[in-house]
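Engineer: For reference, the sequence and a predicted model appear below.
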Amino acid sequence: MKQQEIFSSAKWLCPKDYAGNNFFVLKGRFSINNPQKATLRVLGLGFFHCYINGVRVSDDWYLPLSSDYEPRKDYPVDEIISGHRIYVPEYDVTDMLKDGENVIAIHFGGGWYTFGNRQKFGDAKAIWRIFGNGADGDFDIVSSENDKIRPSFVKDYDFTEYELHDYTCTDVDRLFSDSDDGAWENAVSAPALDTEYLFTDCPPDRVAEILDVTKIKEGDGYTIYDCGKNISGFPVIRINGNAGEKIRVVCSEELDADGNLNEKFTQGQRIEFICDGKQRTVHHLFTWFAFRYFAVYGNAEPECVNVIHTDAKRNSSFNSDNELLNWIHDTYVNTQLTNMHAGIPSDCPHIERRGYTGDGQLCAETGMLMLDSREFYRKWLYDIADCQCKNSGHVQHTAPLMGGGGGPSGWGGAIVEVPVQFYKY
């Protein structure tokens with residue numbers, strides 16, 4: 001489908017310039033007389049969170065699903081990618097609307113769309129449409145240049161390593177609600193994407209488990225915690241610092257011989273918070289980390305760890321009197337789920353996070369057998385087909401194409417192997 005079929009007359013919106021960073025909050029106001037039924041379609045690029053009247057619309061994470069969103073200039077070199085698509089989340093928001101004025105807010109900016117150098121697709125932008133019926137009949141309300149926009153409190157970012165939140169730069173508590181936005185700038189229209197818009201049944205990422213943490217070491221200005229197993233997700237931290245004080249959290253898969261974080265296994269994963277003097281419960285917003293252990297520096301302490309991955313249910317089980325076999329089974333399932341994010345079976349959940357066609361095809365058979373992953377792999381089949389070169393037939397080493405390294409035939413064989421396994425299972 002084309003943009004107008006999904007979003008009617010809505011416009012992609014962005015700030016007047018991108019000085020600073022690619023994280024913004026877009027806010028729109030609209031009035032409805034006694035809403036009876038309402039549907040929201042919304043996109044923010046890269047990832048986004050959407051709020052209506054100050055309440056987050058869903059518990060989905062890392063949307064929209066990663067795909068080959070639109071053509072990139074001169075990338076890949078000397079090849080023409082077969083397809084470009086973007087998946088549109090749709091929500092029933094009837095119960096979130098109220099009689100009279102309503103506010104929609106979209107916090108957007110991180111993810112594959114805006115991250116990278118040659119892999120980058122474009123700059124942050126958002127679009128939304130709410131339609132339905134109320135006491136005055138049908139309504140269709142869309143994003144326009146009347147919407148307001150301002151920079152986010154997320155001030156620095158690296159998709160695979162880092163987030164920085166500065167709570168001193170704005171009144172975060174009122175940012176997404178019915179607060180005064182008169183000083184905000186008006187958004188400007190951004191160019192439409194040259195792509196196909198689709199709906200999908202591929203499950204999104206969600207919080208799958210909440211883990212307690214154990215304090216295992218106190219050092220000079222830091223405390224190390226253990227959440228019990230290697231996972232993908234993030235620590236939830238309660239910060240108590242004075243205004244301007246910085247809190248830092250560093251994550252690792254392993255400890256060293258002295259019981260400190262093993263730097264080799266941190267992979268650069270860290271998040272920082274600049275306090276505004278209020279006690280807050282904070283966490284990552286536009287990325288995940290892969291870790292078991294983490295160190296907290298500063299006046300803060302963890303509340304828990306959120307395990308996040310694609311919401312693929314287990315449809316198999318295994319148990320025996322051999323503890324090693326049981327461990328192998330459980331570890332495989334944990335590893336597979338940890339590598340399922342944003343509709344991609346990744347090679348690793350921290351360093352690269354790409355859907356390598358080599359790695360993905362080797363794991364596909366077991367992933368399909370042991371998990372309810374039909375729609376997840378159906379989506380990835382389209383990614384593989386999209387990344388094929390129209391001229392040569394070459395299938396890329398990552399799908400969606402996000403760079404990395406790999407050979408032509410062993411990796412590209414995914415275009416045969418994954419559909420065969422999909423057919424079998």
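Structural biologist: Sure, I can see it. Numbers count the residues shown, from 1 in each chain.

Engineer: hmm, what's the outermost residue in this protein?
Structural biologist: Relative to the centre of the chain, the most outlying C-alpha is that of residue 321, 39.4 Å out, by Cα atoms, centre = their mean.

Engineer: In the top helix by length along the chain, which residues are buried?
Structural biologist: In the chain, assigned by DSSP state H, the helix with the most residues is helix 323-338. Buried residues in helix 323-338, defined by neighbour count with 16 or more other Cβ atoms under 10 Å: 329, 333, 334, 336, 337, 338. C-betas here are computed from N, CA, C, even on glycine.

Engineer: Apart from its chain neighbours, what residue comes closest to the last one?
Structural biologist: Nearest residue to residue 338, sequence neighbours excluded (Cβ to Cβ, 6 or more residues apart in numbering): residue 232, at 4.4 Å.

Engineer: How far off centre is the helix or strand where the one you found lies?
Structural biologist: Under the criterion of DSSP states H and E, residue 232 resides in strand 222-239. Offset of strand 222-239 from its chain centre (Cα atoms, centre = their mean, to the nearest Å): 19 Å.

Engineer: what's the angle from that strand to helix 323-338?
Structural biologist: 50 degrees (axes from the mean of the first three to the mean of the last three Cα atoms, to 10 degrees).

Engineer: and whichever helix or strand comes after strand 222-239, which residues are buried?
Structural biologist: On the C-terminal side of strand 222-239, the closest following helix or strand by DSSP H and E is strand 246-252. Buried positions in strand 246-252, judged by neighbour count with 16+ other Cβ under 10 Å: 247, 248, 249, 250, 251, 252.

Engineer: Which of these sits closest to residue 209?
Structural biologist: residue 251 (16.6 Å; Cβ to Cβ).

Engineer: Dead centre of this protein: give me the residue that sits there.
Structural biologist: Mean-position check on the chain, Cα atoms, centre = their mean. Result residue 62 at 1.9 Å.

Engineer: was I right about that one contacting residue 285?
Structural biologist: No. Residue 62 lies out of contact with residue 285 (Cβ atoms under 8 Å); the separation is 10.2 Å.

Engineer: Now for these two: what residues contact both?
Structural biologist: Taking Cβ atoms under 8 Å, 6 or more residues apart in numbering as the criterion, residue 62 and residue 285 do not both touch any residue.

Engineer: Outside of the lowest-mean-pLDDT helix or strand in the chain itself, list whatever touches it.
Structural biologist: The helix or strand of the chain with the poorest confidence is helix 408-412; it has a mean of 82 (mean pLDDT, DSSP states H and E). Helix 408-412 has contacts (Cβ under 8 Å, 6+ apart) with 356, 357, 358, 394, 395, 396, 397.

Engineer: what about 7 Å?
Structural biologist: 356, 357, 358, 394, 395, 397 (Cβ atoms under 7 Å, 6 or more residues apart in numbering).

Engineer: between the residues you listed, which has the most around it?
Structural biologist: residue 357 (30 neighbours; other Cβ atoms under 10 Å).

Engineer: Show the contacting residues for that one.
Structural biologist: Residue 357 neighbours (Cβ under 7 Å, 6+ apart): 384, 395, 396, 397, 398, 399, 411, 412, 414.

Engineer: let's see it at 6 Å
Structural biologist: Residue 357 is in contact with 397, 399, 411, 414, counting by Cβ atoms under 6 Å, 6 or more residues apart in numbering.

Engineer: quick one: which of those has the most company?
Structural biologist: That'd be residue 399 among the contacts of residue 357, by other Cβ under 10 Å, with 31 neighbours.

Engineer: rewinding a little: nearest to residue 197 among the contacts of residue 357?
Structural biologist: Taking the contacts of residue 357 together and measuring to residue 197 by Cβ to Cβ, the closest member is residue 399, at 19.4 Å.

Engineer: and the closest one, backbone torsions?
Structural biologist: Reported as degrees, to the nearest 10, the phi and psi values for residue 399 are phi -140, psi 120.

Engineer: Isn't it up against residue 384?
Structural biologist: Yes. With contact defined as Cβ atoms under 6 Å, residue 399 reaches residue 384; the gap is 4.4 Å.

Engineer: hang on, the earlier thing: and the pLDDT for the residue nearest to the centre of the chain?
Structural biologist: pLDDT, residue 62: 98.

Engineer: Show me the helices in the stretch 1-150 of the chain, by range?
Structural biologist: 3-7 (DSSP state H, counting those that start in this stretch).

Engineer: in terms of contact, does residue 154 touch residue 22 like I think?
Structural biologist: No. At 9.2 Å, residue 154 does not count as touching residue 22 under the criterion of Cβ under 6 Å.

Engineer: Between the two, tell me which one has more neighbours.
Structural biologist: Taking other Cβ under 10 Å, residue 154 and residue 22 do not tie; residue 22 has more neighbours (25 against 22).

Engineer: Buried residues of stretch 7-23, list them for me.
Structural biologist: Neighbour-count burial for stretch 7-23 [16+ other Cβ under 10 Å]: 7, 10, 11, 12, 13, 14, 15, 21, 22, 23.

Engineer: Where do the strands of the stretch 1-150 of the chain begin and end?
Structural biologist: 13-14, 24-32, 37-45, 47-52, 55-56, 85-87, 90-92, 100-110, 125-134, 137-142, 148-151 (DSSP state E, counting those that start in this stretch).

Engineer: Mind checking these for the one nearest to residue 169?
Structural biologist: strand 148-151 (7.7 Å).

Engineer: strand partners of the helix or strand that that closest one is followed by, parallel vs antiparallel please.
Structural biologist: Going down the chain from strand 148-151, the next helix or strand is strand 154-158, by DSSP H and E. Strand pairing for strand 154-158, determined by DSSP bridges: strand 162-166 (antiparallel).

Engineer: Most tightly packed of the strands of the stretch 1-150 of the chain?
Structural biologist: strand 13-14 (a mean of 26; mean count of other Cβ atoms under 10 Å).

Engineer: And the contacts of it?
Structural biologist: 26, 125, 126, 143, 147, 187, 190.
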